[in-house]
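Trainee: Next input, structure requested:
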Amino acid sequence: MAKFTLRQIRQKALQLLGEAPQGMRYGELVKAVHRAAPDTPINSVHGGVHSLIARPDSPIVRPSKGLWVLKGAAGAEGSPCEGDAAEAAPGRASAAKPAEDAFYGSLASWLREEAEEATEALALGGAALKDKWGTPDVIGVLKPRTGDFVPFPLEIIAVEVKTDLTQSITAFGQACAYRLFAHRVYLAMPESLPKADLDRLDSLCVLFGVGLILFRPDPEDPGYRLAARAQRHAPDMFFANEFARRLQRHAPTIFHRLF
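Mentor: Model prediction:
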């Protein structure tokens, strides 16, 4: 196959990006262009692709590190934000996404049995504690088991679950609020998040020590995986005890299983 010229490299790259509305990683884009004309030197492909962003009227935006998106595409800067998306297509997101509470039980089991992040974990959610910002969807504890040679203090683990792809910022804010009373906090979101949103969310979770769990939006086979492990920190003990009191008052069965 003939080698690509510089112009053909650019055209192929733009074609590939046009077929990927959420964008492509730079490395993936270069490999895809090179596969279309393997005789083209890889350095020429790198140079041709990079030339797309070298001019002021570049058709490319980079909403996050390494992610290339064609201007006007869904993942580009200036695409609808959370509120705009919900307003532009009322009811569509809620119709497509499964109910959040369909994942609470399986996520609690996964935390206990596969991730081993908690000794005990249970579904809570809803308005169980009469406090939107203080009621995690899944609550767990990590505590010494019988036979452990080295005891350690009990840790409270809180998880916020969101299935609505337009609510990632809200979900992150709620997860951060749980840090007032929990030693470790996780945010669980569908893996189908747009790449740019996922990159931003991942970076925020690392900055604030919040763990990130990704899953398939299928209650029958969610396939949970740990994208970022939560960092342990010391909560405000006033709020930790206040949370425990509310849990004992409104959900005594859960309280006694955890504490």
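Trainee: So which bits of stretch 191-210 are buried?
Mentor: In terms of neighbour count (16 or more other CB atoms under 10 Å), stretch 191-210 has its buried residues at 193-202, 204-205, 208-210. (C-beta placed from N, C-alpha, C; glycine too.)
Trainee: wait, I meant stretch 31-43
Mentor: Quick answer for stretch 31-43 (16+ other CB under 10 Å): 32, 33, 34, 36, 37, 40.
Trainee: what's the distance between the fifth one and residue 48?
Mentor: When CB to CB, to the nearest Å is applied, the distance between residue 37 and residue 48 equals 11 Å.
Trainee: shared neighbours of those two, which are they?
Mentor: residue 4 (CB atoms under 8 Å, 6 or more residues apart in numbering).
Trainee: could you pull out the strands for the stretch 51-200 of the chain?
Mentor: 60-64, 67-70, 120-123, 138-142, 155-161, 184-190 (DSSP state E, counting those that start in this stretch).
Trainee: For the ones you listed, give me TSV that also has mean neighbour count, distance to residue 13 and mean pLDDT.
Mentor: Formatted as TSV, those follow (neighbours: other CB atoms under 10 Å; distance: least, CB to CB, whole Å; pLDDT from 0 to 100):
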stretch	mean neighbour count	distance to residue 13	mean pLDDT
strand 60-64	18	9	81
strand 67-70	24	8	86
strand 120-123	21	46	95
strand 138-142	24	43	96
strand 155-161	25	38	97
strand 184-190	26	29	97
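Trainee: for these, which one sits closest to residue 240?
Mentor: Shortest distance between residue 240 and the strands of the stretch 51-200 of the chain, using CB to CB, is found for strand 155-161: 6.5 Å.
Trainee: Tell me the strands beside the closest one, with direction?
Mentor: Taking DSSP bridges as the criterion, strand 155-161 sits next to strand 138-142 (antiparallel), strand 184-190 (parallel) in its sheet.
Trainee: Give the residue spans of the stretch 1-150 of the chain that score low on pLDDT.
Mentor: Across the stretch 1-150 of the chain, the ranges flagged by pLDDT under 70 are 1, 73-96, 127-128, 132-133.
Trainee: quick one: the helices in it?
Mentor: Remark: helices assigned in the stretch 1-150 of the chain by DSSP state H, counting those that start in this stretch are 6-18, 26-36, 42-50, 82-88, 92-96, 104-113.
Trainee: Could I get these in a markdown table, plus columns for distance to residue 230?
Mentor: Formatted as a markdown table, those follow (distance: least, CB to CB, whole Å):
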| stretch | distance to residue 230 |
| --- | --- |
| helix 6-18 | 35 |
| helix 26-36 | 29 |
| helix 42-50 | 37 |
| helix 82-88 | 24 |
| helix 92-96 | 27 |
| helix 104-113 | 11 |
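Trainee: Contacts only, for the spatially most central residue of the chain.
Mentor: Closest residue to the average C-alpha location of the chain: residue 189 at 4.8 Å, with CA atoms, centre = their mean. Residues near residue 189 by CB under 8 Å, 6+ apart: 162, 165, 168, 171, 201, 212, 213, 214, 215.
Trainee: Mind listing the residues bridging to it?
Mentor: Counting by DSSP bridges, residue 189 is bridged to residue 214.
Trainee: Quick check: can you list the domain ranges of the protein?
Mentor: For the chain, automatic domain parsing gives the domain ranges 6-70, 100-258.
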